[in-house]
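Participant: coords below, sequence missing:
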């Protein structure tokens, strides 16, 4: 491993499957050293409700009151329920900022399309759920050459969720993705599919054999026809580009190639940080003992009710040979019936047990921020107090929420990098340039509001842009306030209709750009109106020339008079 940095250096790389597999095993050894695989397995079982696995009950009740799933799902939903909106804008200190407005608009429209195509809100929910249950979340982005776009250029950007057990960092003491010397992502793939990929890339595929899963261990079924397929990423020290190598344990599936981008194509989220480790602490890990206690207390209570709650009949066998439990049945006895049988009442069940169980449940939920107020279970006698308490309950998860937003911004930066490298020239709706407008004017036609034209996305490499993430209700109210301010300025005559429409946020006025162009055309026509269309000026005469003045005013000429 001492020559790792020299080996992973762009075009100079001379990798073998055996060497890359050693790096993969190095990542697995670290996860085993911190007991990650067992922790993830236990956490997943408790989250889905398998909370008595491995416990020999011997016929005792095994109730499951899954406090963790309800609370965890609520917290995750509360921090991922806001709408995501990413805006790309030119950097403020950039020269010729006006020239970047139209490219920024095109990038924003493409980012909106990628948000819908990749179902980003759903992915973010799963991403945050994995971080809460397993400790870490990961989103991996790649380029799909086969995706249809409806244009001559094919290919699209894809994003998927990857479990933290299948992501290995070269420096396990650093949780920052872009500072890693190398990163490995693994997955279980069918052996036949891997062989086909190796054949397409001209690799020696005969050595590809099915292997056991070193990650998940013994509880994963049907591993006889699967193989571990790994992707090794690293950054070239000279060009700063990301390179990739696809391999299995004993075969190269694809030789190293450059991705053309300068960012590792994945984002990483810790639910809570652990010092000197890229793996984080899951939300439910420290609360599993609480869940175990709640289940055991309920099991003991149920057992007590089943054994002691119903009365027992004690009878004298010398007088009654056999007791008959049938309803209304006669029971024969020899001699006096007094003291022949009696009922033994069960022990009283203490109500404090139920109260303590409820207290344990509510305190467990409260420690995670899922209070009764936050979950809407409190009677809203005072609206202001309810809102204040809900905000206070959401405060503990605010840092995690901001970490999610920061990682999503990084995801969209990766999208822009892929667009600049792989999109090439694609047809988009663009505002007509000044040259096109002149051509329409020369032909005596009005230019359309938008035209379909080719845009070279490679230009984005030379266009400095910044990404801003507008999330949730706060951005919504800020947009409403902006529209109200613009409306007031329009009513007061400070701005005109064109200036108003140019500053309205996208999506509020249908056909906004068409309206702007129509208003501009009307203003231009009004300015170019011939002077004669306004009417000839009236000749005003002075005293002494009344007849001449009347003739000129009536006929507009002095012919026949002078």
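Facilitator: Now that the structure is in, tell me what you want to look at. All of these numbers come straight from a predicted model, not from anything done at the bench. Residues are numbered from 1 along each chain as shown.
Participant: mind listing what the residue sitting nearest the centre point of the chain touches?
Facilitator: Nearest to the geometric centre of the chain sits residue 124, at 2.1 Å (C-alpha atoms, centre = their mean). The neighbourhood of residue 124, defined by C-beta atoms under 8 Å, 6 or more residues apart in numbering, consists of 80, 84, 404, 408. No exception for glycine: its C-beta is placed from N, CA and C like everyone else's.
Participant: restricted to helices, list those residues.
Facilitator: 80, 404, 408 (DSSP state H).
Participant: closest one of the residues you listed to residue 243?
Facilitator: Nearest to residue 243 among the ones in helices among the contacts of residue 124: residue 408, at 25.6 Å, using C-beta to C-beta.
Participant: my guess is that closest one contacts residue 83, does it?
Facilitator: No - Residue 408 is not in contact with residue 83 according to C-beta atoms under 8 Å; the separation is 11.9 Å.
Participant: who has more neighbours, those two?
Facilitator: residue 408 (24 against 11; other C-beta atoms under 10 Å).
Participant: list the contacts of the more buried one.
Facilitator: 84, 86, 120, 124, 267, 469.
Participant: check what pLDDT the last one gets.
Facilitator: Spelled out, it's residue 469. Residue 469 is assigned a pLDDT of 58 by the prediction.
Participant: next, count neighbours for residue 336.
Facilitator: 8.
Participant: all the strands of this protein, in order from the start?
Facilitator: Listed from the start of the chain, the chain has strands (DSSP state E) covering 84-90, 136-144, 156-162, 167-169, 182-190, 226-235, 242-247, 252-258, 266-270, 312-315, 341-344, 425-430, 451-456, 465-471.
Participant: is it possible to get TSV of those that adds distance to residue 332?
Facilitator: Formatted as TSV, the strands of the chain follow (distance: least, C-beta to C-beta, whole Å):
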stretch	distance to residue 332
strand 84-90	80
strand 136-144	73
strand 156-162	73
strand 167-169	78
strand 182-190	72
strand 226-235	72
strand 242-247	86
strand 252-258	86
strand 266-270	76
strand 312-315	12
strand 341-344	12
strand 425-430	97
strand 451-456	101
strand 465-471	81
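Participant: ok, which of those strands comes nearest residue 45?
Facilitator: Nearest of these (C-beta to C-beta): strand 136-144, 17.9 Å.
Participant: what is the closest one packed up against?
Facilitator: helix 120-134, strand 156-162, strand 266-270, helix 398-418 (3 or more C-beta pairs under 8 Å, 6 or more residues apart in numbering; DSSP states H and E).
Participant: which of these is buried the deepest?
Facilitator: Most buried of the helices and strands packed on strand 136-144 by mean neighbour count (mean count of other C-beta atoms under 10 Å) is strand 266-270; its value is a mean of 24.
Participant: quick check: angle from it to strand 226-235?
Facilitator: Here the directions of strand 266-270 and strand 226-235 differ by 100 degrees (axes from the mean of the first three to the mean of the last three C-alpha atoms, to 10 degrees).
Participant: and strand 266-270, what other elements does it pack with?
Facilitator: For strand 266-270, the packing partners by 3+ C-beta pairs under 8 Å, 6+ apart are helix 120-134, strand 136-144, helix 398-418.
Participant: of all the helices and strands packed on strand 136-144, which lies closest to residue 288?
Facilitator: helix 120-134 (11.2 Å).
Participant: do me a favour and average the pLDDT over the closest one.
Facilitator: Helix 120-134 comes out at a mean pLDDT of 93.
Participant: so which of the strands of the chain is nearest residue 14?
Facilitator: strand 252-258 (9.1 Å).
Participant: can you point out the buried residues in that closest one?
Facilitator: Of all the residues in strand 252-258, those buried under the rule 16 or more other C-beta atoms under 10 Å are 252, 253, 254, 256.
Participant: which residue sits closest to the third one in space, ignoring its chain neighbours?
Facilitator: I take that to be residue 254. residue 246 (4.1 Å; C-beta to C-beta, 6 or more residues apart in numbering).
Participant: neighbours of that neighbour, just the number please.
Facilitator: 22.
Participant: ok, now residue 343?
Facilitator: 8.
Participant: find the nearest non-adjacent residue to it, please.
Facilitator: Nearest in space to residue 343, with sequence neighbours left out and distances taken as C-beta to C-beta, 6+ apart, is residue 311 at 4.8 Å.
Participant: thought that neighbour was touching residue 344?
Facilitator: Yes - because the distance of 6.4 Å satisfies C-beta under 8 Å, residue 311 is recorded as touching residue 344.
Participant: how close does the residue nearest to the centre of the chain get to residue 302?
Facilitator: 40 Å (C-beta to C-beta, to the nearest Å).
Participant: which of residue 311 and residue 344 has more neighbours?
Facilitator: Each of residue 311 and residue 344 had its neighbours counted (other C-beta under 10 Å), and the higher figure belongs to residue 311 (11 against 8).
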